[in-house]
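In: Got a sequence here, can you model it:
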Amino acid sequence: MVLRRVSIPFVLVFTVAVLGAQQPALKSGVDRTNGNPAVRAQDNFYEHVNGGWIAKTEIPADKPAYGSFIELADKAESDVRAIIEGAAADKSRAAGSPAQQVGDLYSSFMNETKVESLGVTPVKPLLDRIDAIKTPADVAAVSGYLSSINAGGPVDAGVDPDAKNPTTPIVYLEQGGTGLPDRDYYLKDDPKFAEVRTKYEAFLTQLFTLAGRPNAARDAKAVLALETELAKIQWTKTETRDAVKTYNKFALADLPKEMPGFDWMAWAKPQGIDRSPNVIVSEPSFFKSFAAMVPSTPIESWRAWLAAQSLRSAAPFLSKPFVDANFDFFGRTLSGQPAQRERWKRGVSLVNGNIGFAVGRLYTEKHFPAASKTRMQKMVGNLLEAYRESITSLDWMTPATRTQALEKLSKFTTKIGYPDKWRDYSGLVIKPDDLVGNVQRAQKFENDYQIGKLGKPIDRTEWLMTPQTVNAYYNPLLNEIVFPAAIMQPPFFDVEADDAVNYGGIGAVIGHEIGHGFDDQGRHYDGTGALRDWWTEADATEFDKRAKMLVVQYNAASPLPGVNVNGELTLGENIGDLGGVSIAFKAYQISLGDKPSPKIDGMTGEQRFFMGWAQVWRQKRREAYARQLALTDPHSPPEFRVNIPVSNVSGFYDAFEIKPGDTMFRDPKDRVKIW
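Out: Sure thing, here's the model as predicted:
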């Protein structure tokens with residue numbers, strides 16, 4: 001079972017800022033050595049602030065990209081490593097305790113001698129189960145079992161509040177079944193995609209050969225053909241963003257009639273989904289077409305496809321030939337990453353991904369001072385107030401919708417640092433010498449935990465991210481913004497720097513998260529998290545008009561020759577960025593009162609604000625990875641996350657004296673202001 005439907009921002013990083021009077025002794029917080037003085041702020045603001053850093057920085061060999069966010073993630077990873085290795089070395093751990101689970105899961109991954117001695121043996125029972133498939137009903141039942149341990153299947157499932165009745169949990173079902181990052185990898189004639197398909201088939205052949213399957217090349221060809229058919233019926237990533245069109249409620253018992261050909265009940269039972277009387281089907285046409293494919297496709301193709309999924313999911317935890325083959329395709333080919341991450345880093349990721357809250361409890365005790373939470377609450381409160389003032393004064397919104405928007409804003413919940421209630425992993429069996437078994441048991445434990453929510457009240461204290469995660473998110477179903485502990489530290493907040501740069505960096509990102517409640521999809525949810533239309537027709541039309549202008553701006557942006565940003569796919573994040581910068585700038589101005597901003601290192605506070613925003617997003621990406629993200633990432637490339645939002649904010653023009661003829665200049669009639 002693949003869980004969680006909430007859209008989680010990528011590289012949204014921030015930490016805590018102190019609001020209050022400006023202290024003269026504080027520094028600017030802007031590292032001018034990272035800039036490129038040969039490029040004017042008026043012509044390319046991102047390059048002006050970050051060009052020096054870009055020129056002198058090499059992407060580490062074990063990464064597809066590198067930047068401010070990843071620097072901080074590396075620090076968090078090292079901090080977590082110390083905690084995990086301490087747990088592994090602790091001989092006094094009680095059986096079943098979090099320390100025992102954390103230490104033994106990590107030890108099972110780091111025990112390379114044991115892993116190498118086993119080869120493909122750990123997944124042999126799964127492969128035998130797949131090879132025993134004889135009928136379409138068997139395909140469904142085995143797919144359901146594999147989904148329960150996150151090892152394969154055609155459909156992703158998760159438990160979340162019912163969007164039209166957010167006090168009740170329900171199962172959501174989403175399309176799946178393909179191994180490449182996006183349907184375009186299968187369907188486009190572009191030579192680069194054709195090359196990826198050729199290498200994917202070779203990778204599958206290698207995987208099957210390592211597993212000892214007698215018809216490796218034939219099976220690989222069958223898998224690619226089957227996944228190509230699945231890609232043809234999948235919705236595009238832009239279509240799957242639509243909160244209204246993807247809400248389609250069915251009685252589980254009606255799926256066999258509505259989508260015949262696949263034994264939905266046999267698939268549901270191993271996962272416990274049969275306990276849910278109703279399900280939300282995100283892409284009904286995909287489900288119907290997939291179900292019809294099952295009886296018309298040869299059984300041997302389904303066996304090969306499920307075997308490929310199981311081997312792909314297990315490959316990182318098997319012997320070196322499997323690990324290397326998996327990395328060569330998914331790392332080198334798809335992301336352009338030259339080198340595999342060190343084993344300890346992969347071990348930390350494994351622990352974080354499976355029993356992360358057990359680590360998080362130890363992490364916050366050591367790395368998250370209580371004062372940080374208090375300071376963060378003050379900053380979030382200031383940003384919410386700036387949003388309130390902005391919504392109140394919007395010239396395009398009618399009073400009826402404005403009242404609803406302010407009511408939603410008043411109901412925002414903020415979570416900072418770590419959960420009030422910690423996850424309990426009691427009952428999860430972790431052994432120091434059973435890596436694949438540990439992973440499968442952990443995935444089944446998570447599956448059962450999620451299914452256990454059915455029929456119970458929504459737990460509004462639950463977190464979807466561990467405290468050691470360097471990220472943040474907005475959850476529309478709970479109308480909450482969440483900021484884990486790990487991002488509340490340098491380099492994104494400098495305690496010795498003035499307010500301006502911190503408002504421009506983390507303040508704008510906090511504003512971004514709040515803005516998700518009012519982006520093109522978040523606006524469909526009300527303050528209780530319910531999916532309902534609370535907009536007048538006139539206001540919806542005005543919103544859409546402004547949103548379409550933003551789509552046009554981003555569609556024109558090109559990170560690579562022949563590659564353009566998808567303005568519709570990235571619209572929600574782009575609205576978040578525009579609102580975040582606009583509202584944080586307003587909040588900074590409020591913090592000044594009637595006083596002018598102080599000038600530090602020759603820069604005004606207004607200049608430092610926008611430079612703080614630009615510093616947050618500095619990043620370099622490998623070309624293959626950049627191409628992949630252009631198709632799959634709902635966030636725009638970093639240079640456009642900086643330049644396009646600020647080109648719509650009047651304060652930017654004043655701060656840097658932007659004039660007609662400057663590259664950063666945008667005619668006032670073409671500037672977008674939504675919130």
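
In: Output the contacting helices and strands for the worst-scoring helix or strand of the chain on mean pLDDT.
Out: Each helix and strand of the chain was given a mean pLDDT (mean pLDDT, DSSP states H and E); the minimum falls on helix 370-393 at a mean of 89. Where contact means 3 or more CB pairs under 8 Å, 6 or more residues apart in numbering; DSSP states H and E, helix 370-393 is packed against helix 399-410, strand 413-417, strand 480-484, helix 508-515, helix 571-592. Every C-beta, even on glycine, is put in place using the N, C-alpha and C of the backbone.

In: Need the ones you listed in TSV (columns: mean pLDDT and distance to residue 544).
Out: Output for these, formatted as TSV (pLDDT from 0 to 100; distance: least, CB to CB, whole Å):
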stretch	mean pLDDT	distance to residue 544
helix 399-410	98	13
strand 413-417	95	28
strand 480-484	94	25
helix 508-515	94	17
helix 571-592	96	11
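
In: Pick the most buried one from those.
Out: Per-stretch averages of neighbours, counted by mean count of other CB atoms under 10 Å, single out helix 508-515 among these, with a mean of 28.

In: could you check the angle strand 413-417 makes with that helix?
Out: Orientation of helix 508-515 against strand 413-417 (axes from the mean of the first three to the mean of the last three CA atoms, to 10 degrees) gives an angle of 140 degrees.

In: Give me the residues contacting helix 508-515.
Out: Helix 508-515 is contacted by residues 9, 12-14, 379-380, 383-384, 386-387, 409, 412, 472-474, 481, 483, 522, 573, 575-585, 587, 612-613, 616, 675 when judged by CB atoms under 8 Å, 6 or more residues apart in numbering.

In: Which is the succeeding secondary structure element to that helix?
Out: Following helix 508-515 in sequence order, the next helix or strand is helix 537-555 (DSSP states H and E).

In: Check the offset of that following helix from the chain's centre.
Out: 25 Å (CA atoms, centre = their mean, to the nearest Å).

In: And that helix, what's buried?
Out: 539, 542-543, 547, 549-551, 553-554 (16 or more other CB atoms under 10 Å).

In: which one among those residues gets closest to residue 331?
Out: Nearest to residue 331 among the buried residues of helix 537-555, counting by CB to CB, is residue 554 at 28.6 Å.

In: Give me the local confidence score for that closest one.
Out: pLDDT, the model's per-residue confidence, is 98 for residue 554.

In: And residue 130, by the same measure?
Out: At residue 130, pLDDT is 98.

In: for residue 496, same thing?
Out: pLDDT, residue 496: 81.

In: Excluding chain neighbours, give the residue nearest to it in space.
Out: For residue 496, ignoring the flanking residues on the chain, the nearest one in space by CB to CB, 6 or more residues apart in numbering is residue 27 at 5.6 Å.

In: Identify the bridge partners of that neighbour.
Out: Judged by DSSP bridges, the bridge partners of residue 27 are residue 497.

In: In contact with residue 167, which residues are there?
Out: 161, 457-458.

In: The same query, at a cut-off of 6 Å, please.
Out: Shown in contact with residue 167 (CB atoms under 6 Å, 6 or more residues apart in numbering): residue 458.

In: Now do it, the pLDDT please.
Out: Per-residue confidence (pLDDT) for residue 167: 96.

In: Just the C-alphas of the one helix or strand it maps to, formatted as CSV.
Out: Element membership of residue 167, judged by DSSP H and E, is strand 165-175. Extracted in CSV, the C-alpha atoms of strand 165-175 (Å, rounded to 0.1, in the frame of the first residue of the first chain):
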residue,chain,number,x,y,z
ASN,A,165,-16.7,14.4,4.9
PRO,A,166,-13.3,15.1,6.5
THR,A,167,-14.3,13.7,9.9
THR,A,168,-14.3,10.2,8.4
PRO,A,169,-11.3,8.2,7.1
ILE,A,170,-11.7,6.5,3.7
VAL,A,171,-9.4,4.6,1.3
TYR,A,172,-8.2,6.5,-1.8
LEU,A,173,-7.1,4.6,-4.9
GLU,A,174,-4.8,6.0,-7.5
GLN,A,175,-3.4,4.7,-10.8
